[in-house]
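Student: Structure for this input, please:
(one chain, ligands or ions: 2)
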Amino acid sequence: MATPAINVQNLTKRYGSVLAVDDVTFQVQPGELVGFLGPNGAGKSTCMRILTTWLPASSGYAWIAGFDVMYESMEVRRRIGYLPESVPLYGEMRVHEYLQYRAKLKGVERAQRNARIAHCVEKCRIKEVQNRLLSTLSKGYRQRVGLADALLADPPILILDEPTSGLDPVQINETLSTIRELGGQHTVLLSTHILTEVEKVCERVIIIDKGRIRLDETMKAIESREPSYWIEVRGPADAVLQFLREQPELASVEEKARHGEFIECEVRSRDRKDPRESLAAKILARQWGLRRLELRRVNLDTLFNEVVRQGYSTPAAANGTPETVEVAATPAV
Ligand SMILES: Nc1ncnc2c1ncn2[C@@H]1O[C@H](COP(=O)(O)OP(=O)(O)OP(=O)(O)O)[C@@H](O)[C@H]1O
Ligand SMILES: [Mg+2]
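Tutor: Numbering: from 1, shown residues only. Ligands and ions are numbered 1, 2, ... in the order given. Below you'll find the predicted structure:
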C-alpha cells in the first residue's frame, strides 16, 4: 500500500492543563481531499500546527509522506503548503516582493520563480493587489495571499486552516473551486466551520470535538446512511407505541415526545424498505390520527450537530432533514 500522505498516530497535545488534542489517530491517502471539522476550540488548528512542524506534540506520532514531523521537519516542510489560521505577513512588503521572498525561501528555482508566482497570483486572484503593501490589505486579500504562498512551491500536500475565512461569498466559491481543482494531484486537509463547503469540495470528513475524533467517514457513506422516519400520531400513546414496536418492517422505534393525546416517534426500517405507505394504512385503519410521517435523510449538518452534541456517533444516532410525504387524510376519531 502507498505511504499515507498524512499519518497521525495517538497524537496528544496539552497546553498546561488544557488537553487540546486527545489521542487522535487518522490517515489521509495521497490525492484525498479531507474536511477537518469541529466547533471552536476543538483542536483543529493545534493538530494542523503539529502536522506542519510548528508545534511539538506532547505524545504520539505524525508523519507527512513518511517523514516524522518531529525529527525530519525539513523534509516535512518541503512537502507541505500550509495556510495558517492567521496569516503572518510582513506589513512593510509589497505583495509581489513577499511572494518573491517566500518562493526563494522555499527553494523554487530562480528560472521558474516568476512563472510560478504568476500562476499562483492568477489562481488566488490577487493580481490587482500585487503592488499593494501587505499592511494595507483587507482580511480576504491577506487570506488569498496566504493561499498563494502555500501553493508557491507546488507542494504535494496542502494543510489549509480555514482557507475561506474572511472571504466574501463570490471569493468563497472561487477559492473552493481552486481547492477542488487541486484535489487529485494534491492531498488536501482543510478546516472550516462551514459545512456546505465540505459538502461541495471534500470526499471525506473528519469531525473533532474536545480534542477527540468523533467521526471519520466519506461523504458517499454519509449520503448513503439509512434515513429515519418521524411519526406523529393522535391516539392512545402506549397502544400506538406498542403497535409500532410490533411492526416487522421496523428495525427500531424510539419515543421522542408525548403531548396531550399525541405521541411522536422516530423509527427505522428493516432492509432499507420505505415503510411509510404501509404504516400510514395501518394507523388509519386503527382510527388513529396520522399527523406527520416524514423521511429524514442524513446530511452533514444534522450529523455534525448530533455528533458534537452526543459524542461518538453511530449510524443510528443520525438524524435528517425532513421531507414530508403526503398521507391519507386523518379520519375522524
Ligand atoms: N497557545 C495556547 N495556549 C493555551 N491553550 C491553547 C493554545 N492554543 C490553543 N489552546 C487551547 O487548545 C484548545 C484547542 O484550540 P485550537 O485552536 O486547536 O482549536 P480549533 O479547533 O482550531 O478552534 P477554532 O475553530 O476556534 O479555530 C482550545 O481549548 C484552546 O483554547
Ligand atoms: Mg482554529
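
Student: Quick one: low-confidence residue ranges for this structure.
Tutor: Filtered on pLDDT under 70, the chain yields the residue ranges 311-333.

Student: Do you have the helices of it handy? List them.
Tutor: Counting by DSSP state H, the chain has helices at residues 44-51, 73-79, 95-105, 110-123, 139-151, 169-182, 195-201, 219-223, 237-246, 276-285, 300-310.

Student: so what does the fourth one touch, helix or strand wise?
Tutor: In this structure, helix 110-123 packs against helix 95-105, helix 139-151, with contacts taken as 3 or more Cβ pairs under 8 Å, 6 or more residues apart in numbering; DSSP states H and E. All C-beta spots, glycine's among them, are computed from the backbone N, C-alpha and C.

Student: Can I get the last one in PDB, CA atoms only?
Tutor: Written as PDB, here are the backbone C-alpha positions of helix 139-151 (Å, rounded to 0.1, in the frame of the first residue of the first chain):
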ATOM      1  CA  LYS A 139      -8.700  40.300   5.600                       C
ATOM      2  CA  GLY A 140      -9.900  38.500   2.500                       C
ATOM      3  CA  TYR A 141      -6.900  39.500   0.400                       C
ATOM      4  CA  ARG A 142      -4.500  38.600   3.200                       C
ATOM      5  CA  GLN A 143      -6.100  35.200   3.200                       C
ATOM      6  CA  ARG A 144      -5.700  34.900  -0.600                       C
ATOM      7  CA  VAL A 145      -2.000  35.900  -0.400                       C
ATOM      8  CA  GLY A 146      -1.600  33.300   2.300                       C
ATOM      9  CA  LEU A 147      -3.100  30.700   0.000                       C
ATOM     10  CA  ALA A 148      -0.800  31.800  -2.900                       C
ATOM     11  CA  ASP A 149       2.100  31.400  -0.600                       C
ATOM     12  CA  ALA A 150       1.000  27.900   0.400                       C
ATOM     13  CA  LEU A 151       0.900  26.900  -3.300                       C
END
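
Student: if I look at the residue in the stretch 151-300 of the chain positioned nearest to ligand 1, how far off is residue 35?
Tutor: For the stretch 151-300 of the chain and ligand 1, the shortest gap (Cβ to the nearest ligand atom) falls at residue 193, measuring 6.3 Å. Separation of residue 193 from residue 35 (Cβ to Cβ, to the nearest Å): 11 Å.

Student: Compare neighbour counts for those two and give me the winner.
Tutor: Between residue 193 and residue 35, residue 35 has the larger neighbour count (other Cβ atoms under 10 Å), namely 24 against 16.

Student: wait, that one sits on residue 190?
Tutor: Yes. The criterion here is Cβ atoms under 8 Å, and residue 35 meets it with residue 190 at 6.1 Å.

Student: Stretch 149-160: which residues count as buried?
Tutor: By neighbour count with 16 or more other Cβ atoms under 10 Å, stretch 149-160 contains the buried residues 149, 150, 151, 152, 153, 155, 156, 157, 158, 159, 160.

Student: so which pair among those is furthest apart in space?
Tutor: Spanning the widest gap among the buried residues of stretch 149-160 are 149 and 156, at 16.3 Å by Cβ to Cβ.

Student: show me what contacts residue 56?
Tutor: 50, 70 (Cβ atoms under 8 Å, 6 or more residues apart in numbering).

Student: got the residues of the stretch 201-333 of the chain near ligand 2?
Tutor: Applying Cβ under 5 Å from the ion, one finds that the stretch 201-333 of the chain does not approach ligand 2 at all.

Student: which bits of the stretch 201-333 of the chain sit near ligand 1?
Tutor: For the stretch 201-333 of the chain, the contact set with ligand 1 under Cβ under 6 Å from any ligand atom is empty.

Student: can you do 8 Å?
Tutor: 208, 211 (Cβ under 8 Å from any ligand atom).

Student: Identify the bridge partners of the residue in the stretch 201-333 of the chain that ligand 2 sits nearest to.
Tutor: Of all residues in the stretch 201-333 of the chain, residue 208 sits closest to ligand 2, at 10.6 Å by Cβ to the ion. Counting by DSSP bridges, residue 208 is bridged to residue 213.

Student: Burial check on it, number of neighbours?
Tutor: Residues lying near residue 208 (other Cβ under 10 Å) number 26.

Student: Correct me if wrong: it contacts residue 38.
Tutor: Yes. Assessed by Cβ under 8 Å, residue 208 is found in contact with residue 38 at 4.1 Å.

Student: State the distance from residue 196 to residue 143.
Tutor: Taking Cβ to Cβ, one finds residue 196 at 18 Å from residue 143.

Student: Neighbour count for those two, which is higher?
Tutor: Ranked by neighbour count (other Cβ under 10 Å), residue 196 and residue 143 place residue 143 first, with 24 against 13.

Student: Report the contact partners of the nearest residue to the more buried one once chain neighbours are set aside.
Tutor: Closest residue in space to residue 143, ignoring its immediate chain neighbours: residue 166 at 5.1 Å, by Cβ to Cβ, 6 or more residues apart in numbering. Neighbour list for residue 166: 138, 139, 140, 142, 143 [criterion: Cβ under 8 Å, 6+ apart].
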